[in-house]
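[1] Only the shape, not the letters, is given here:
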């Protein structure tokens, strides 16, 4: 099964040589699932011809906001709508979660409650999963037909299923402790010090990245056409 990764941002320059870019992190996360990957740097305006270029699609995180005025945002939203209509499975993570919701009629904004960084616990109904987060923006209005499948006290729309072929999650199952530490060091200037310290304290605690990877892989396989 070929997964097309729509890369909407880049990891900090300081760590890209050791940890790779965002697409590389997802490849590691889903390693062993018998997937092939092709990356499209949509943040640099490199787009696939259409949904048919892959069996499933994945949208990464980004330091950009879904509501910002970038040349690549509108084409990405159009591609999201095309993928949704095609029936091919689509997974969005963090920015991917937000841009999918926005493209399909929801609303994203800078959350008045501030930032969520580091290890957080999310209620998935059947289980509680600890995953790393790094965001200030949130989905605040759901697109039509969206079902909330995970929440936290800070993030009520932490994961969504839309129709039969779209899964989105706000936290980052592809981020390990090394990546969170890198974000603290290189992209933490806007985050309050107390939140950075709490994130540092959580670096030694386990996360459910592997469990989330299994859920994502199962979603891709179930939706493949």
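    Received the coordinates, thanks. These figures come from a predicted structure and were not determined experimentally.

[2] Going by C-alpha atoms from here, please, whenever you check contacts or count neighbours.
    OK.

[3] can you list the weak-confidence ranges in the chain?
    Screening the chain residue by residue with the criterion pLDDT under 70, one finds the ranges 224-225.

[4] Repeat the analysis, applying 80 as the threshold.
    Applying pLDDT under 80 to the chain flags the ranges 223-225.

[5] how long is stretch 142-150 end to end?
    Its first and final residues considered, stretch 142-150 spans 13 Å by CA to CA, to the nearest Å.

[6] tell me the strands in the chain, going along the chain?
    In the chain, the segments counted as strands under DSSP state E are 2-6, 36-40, 56-59, 90-93, 107-110, 116-123, 128-135, 137-141, 146-150, 159-162, 166-169.

[7] got a markdown table for the ones you listed, with distance to residue 84 too?
    Putting the strands of the chain into a markdown table (distance: least, CA to CA, whole Å) gives the following:
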| stretch | distance to residue 84 |
| --- | --- |
| strand 2-6 | 14 |
| strand 36-40 | 18 |
| strand 56-59 | 10 |
| strand 90-93 | 7 |
| strand 107-110 | 17 |
| strand 116-123 | 26 |
| strand 128-135 | 25 |
| strand 137-141 | 18 |
| strand 146-150 | 13 |
| strand 159-162 | 9 |
| strand 166-169 | 7 |
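
[8] Same list, these, but as TSV with mean neighbour count and distance to residue 179 please.
    As requested, the strands of the chain are arranged in TSV below (neighbours: other CA atoms under 10 Å; distance: least, CA to CA, whole Å):
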stretch	mean neighbour count	distance to residue 179
strand 2-6	22	19
strand 36-40	17	20
strand 56-59	26	18
strand 90-93	26	15
strand 107-110	18	23
strand 116-123	22	10
strand 128-135	22	10
strand 137-141	22	19
strand 146-150	19	23
strand 159-162	22	21
strand 166-169	26	18
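
[9] To residue 212, which of those lies closest?
    With respect to residue 212, and counting by CA to CA, the nearest of the strands of the chain is strand 128-135 at 8.1 Å.

[10] which outside residues touch the closest one?
    Outside strand 128-135, the residues that touch it by CA atoms under 8 Å, 6 or more residues apart in numbering are 94, 115-123, 170-173, 175-176, 180, 206-209.
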